[in-house]
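1. Need a 3D model of the following:
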Amino acid sequence: MADKKVFNPKVLVIGELNMDLILDNVASFPELGKEKIASDFNLTMGSSSAIFAANLARLGTPTAFCGMVGKDDFGHMITEQLREFGVDTSHVTTSPQHKTGLTAIIRHNNDRAMVTYPGAMEHFGPDNFPENLFTNIRHLHISSIFMQPVIQENLLAIVNKAKKQGMTISLDTQWDPDERWDLDIPALLSKVDFFLPNEDEFLALSGSPTIEEGITKLQPHLTDGTIIIKQGTSGALYFTADEIQSIPGYHNKQPVDAVGAGDSFNAGLIHRYLQGDDIQDCIRFGHITGAVSTTSAGGTKAIKSFETVQNIAVNQFSITDVDDFTG
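-> The predicted structure is shown next:
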């Protein structure tokens with residue numbers, strides 16, 4: 001890790017953009033031919049990439065976004081919300097041909113089901129990148145690969161270009177709706193600094209029935225990178241080419257909404273990484289931001305600033321080591 005004084009962090013996020021329609025406290029999951037009632041709903045900016053970008057910017061790391069929306073009300077709402085969060089949207093493309101994506105989230109009994117209309121994100125790719133996209137960027141974050149087929153097809157080329165520019169890279173594939181998991185994982189692991197799946201995604205991507213077997217398969221392909229397996233309230237397990245370690249998490253006993261908790265973890269992790277912290281402290285702060293995000297609905301409402309995160313961590317969760325993090 002470099003000294004904190006060396007860093008002038010700037011993060012570029014390449015990813016999907018969609019709105020989330022969250023239907024809360026549905027009595028039971030929908031059945032064909034039957035109607036169910038939700039007790040509340042929330043329409044907000046969604047997408048893993050946007051939640052990450054918004055929360056990272058709110059924590060104080062300058063962040064820019066590159067993606068595509070439609071020329072419609074949802075597209076306008078997303079870009080306006082990103083700007084309100086402090087995210088640079090000058091590289092967000094507006095498509096006159098394609099609609100902005102939408103995810104419907106049905107929440108029932110502390111679980112959820114999701115249906116997504118991808119829209120413009122399916123057509124977004126390197127042809128939409130401006131020529132100066134990677135100029136003066138410290139770190140690249142890419143998310144939701146399987147929702148963006150053009151990005152998926154060109155992923156290794158994008159990563160290679162970023163590495164040539166001297167950027168560090170984090171990758172969170174998210175779930176594959178088709179469950180094909182068609183990625184050249186060994187090639188990516190040799191170039192990506194942080195690979196950030198949750199436990200189910202890790203097992204699927206590694207083609208393994210257990211985490212131990214997955215580690216055995218993937219560890220030989222790591223060089224300087226780190227794989228961090230997010231395990232919810234249990235914490236996270238990380239491993240490098242020569243180390244395996246578990247870091248306990250923080251538990252919100254009365255969560256309002258877990259949507260975006262993993263993306264908020266990513267934001268906390270990368271924020272601290274760009275401050276020069278060691279990997280264990282980066283993960284601990286990721287646990288804090290992930291837990292704090294569950295105190296409000298929608299993934300972006302709880303993290304208003306670094307100071308807000310500190311206050312919630314201390315006053316609601318009684319997290320004593322939050323004072324180790326100073327900005």
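2. so where does K163 fall, helix or strand?
-> Using DSSP states H and E, K163 falls within helix 155-164.
3. can you pull the buried residues of that helix?
-> By neighbour count on 16 or more other Cβ atoms under 10 Å, the buried set for helix 155-164 is 155, 158-159, 161-163. In this view, the C-beta of every residue, glycine as well, is placed from N, C-alpha and C.
4. try stretch 285-303
-> Neighbour-count burial for stretch 285-303 flags 285-303 (criterion: 16+ other Cβ under 10 Å).
5. End to end on that stretch, go ahead and measure it.
-> End-to-end distance for stretch 285-303, by Cα to Cα, to the nearest Å: 13 Å.
6. from the chain's centre, how far out does it sit?
-> Centre-to-centre, stretch 285-303 and its host chain are 12 Å apart (Cα atoms, centre = their mean, to the nearest Å).
7. How about stretch 24-43?
-> Stretch 24-43 has its C-alpha centroid displaced from the chain centroid by 27 Å (Cα atoms, centre = their mean).
8. And the contacts of that stretch?
-> Stretch 24-43 is contacted by residues 19-23, 106-108, 113, 297-298 when judged by Cβ atoms under 8 Å, 6 or more residues apart in numbering.
9. from the residues you listed, which two are the most distant?
-> Across the contacts of stretch 24-43, the longest distance by Cβ to Cβ is 20.7 Å; it joins M19 and H108.
10. Which one of those two is surrounded by more residues?
-> Using other Cβ atoms under 10 Å as the criterion, M19 and H108 rank with M19 on top: 24 against 17.
11. So the closest residue in space to the more buried one that isn't next to it in sequence, which state does it fall into?
-> Leaving aside its chain neighbours, M19 sits nearest to F74 (4.7 Å; criterion: Cβ to Cβ, 6 or more residues apart in numbering). For F74, the secondary-structure state derived from DSSP: H, G, I helix; E, B strand; the rest coil is helix.
12. measure stretch 119-132 end to end?
-> 26 Å.
13. Show me what counts as buried in that stretch.
-> 119-125, 128-129.
14. Closest one to R83 out of these, please.
-> Taking Cβ to Cβ as the measure, R83 lies nearest A120 of the buried residues of stretch 119-132, at 18.2 Å.
15. was I right about the closest one contacting T100?
-> Yes: taking Cβ atoms under 8 Å as the definition, A120 is a contact partner of T100 at 5.9 Å.
16. what is in contact with these two at once?
-> Listed as contacting both A120 and T100 by Cβ under 8 Å, 6+ apart are 17, 69-70, 75.
17. Of the residues you listed, which pair is most distant in space?
-> Pairwise distances across the shared contacts of A120 and T100 peak at 9.4 Å for L17 and G70 (criterion: Cβ to Cβ).
18. higher neighbour count, those two?
-> Neighbours per residue (other Cβ under 10 Å) separate L17 from G70, with L17 holding more: 31 against 21.
19. Tell me how far the more buried one lies from M114.
-> 16 Å (Cβ to Cβ, to the nearest Å).
20. now swap in P62 and tell me
-> P62 sits at a distance of 31 Å from M114 (criterion: Cβ to Cβ).
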